[in-house]
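S.K.: Sequence isn't available, so here's the structure alone:
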């Protein structure tokens, strides 16, 4: 499932060691909805959108959300109320004693908005690309040293960056560490 920019999206996180699946079954007809999450590997997460259930347009159709491990029988599938997906920022899936269970993660409604989620993903990707570039290797090591207290306290440290030797002023050039 992809993130819908103009809707509330709920993160489904797999906190177990097994691969989980989340199926959205539409009744009558018992057919699989496009909102189903095909698989969530152990320790990873996927997003599901309440608007994809089609409840608003098909009021008379019942929707059932089932969480289960690969190879589970029908009786071992754990139902998750659609209201839990609509009202919570996240759902954590766990597997204990042969049964799947879920836990609600309350959160800020703004953080559930698809646009905010997409902007966070883009910012993380841009930040990781920038800090992996060759030009930032020496600056990154200087920032790490500064965090350990090894740079001079007056801020006039000579560090090679970009096209030559320059002065690092921690308040203007230091970026995120990592």
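M.R.: Looks like it came in fine. The structure displayed is predicted, hence computed values, not measured ones.
S.K.: quick one: the strands in the protein?
M.R.: Ranges of strands in the chain, per DSSP state E, are 9-14, 20-27, 31-32, 37-40, 45-49, 62-69, 78-80, 90-96, 99-105, 157-161, 164-168.
S.K.: most packed of the ones you listed?
M.R.: Neighbour counts (mean count of other CB atoms under 10 Å) averaged over each of the strands of the chain peak at strand 9-14, with a mean of 23. For the C-beta atoms, the positions are set from N, CA and C on the backbone; glycine is no exception.
S.K.: What lies in contact with that one?
M.R.: Outside strand 9-14, the residues that touch it by CB atoms under 8 Å, 6 or more residues apart in numbering are 3, 20, 22, 37, 40-50, 67, 85-86, 88-93, 105, 112-114, 117.
S.K.: Output the contacting helices and strands for the longest helix anywhere in the chain.
M.R.: For the chain, the helix with the greatest residue count under DSSP state H is helix 114-132. Using 3 or more CB pairs under 8 Å, 6 or more residues apart in numbering; DSSP states H and E, no helix or strand is in contact with helix 114-132.
S.K.: give me that answer again for 10 Å
M.R.: Under the contact definition 3 or more CB pairs under 10 Å, 6 or more residues apart in numbering; DSSP states H and E, helix 114-132 sits against strand 9-14, strand 45-49, helix 137-147.
S.K.: which stretch in the ones you listed is the model least sure about?
M.R.: Mean pLDDT values for the helices and strands packed on helix 114-132 show the minimum at helix 137-147, a mean of 63.
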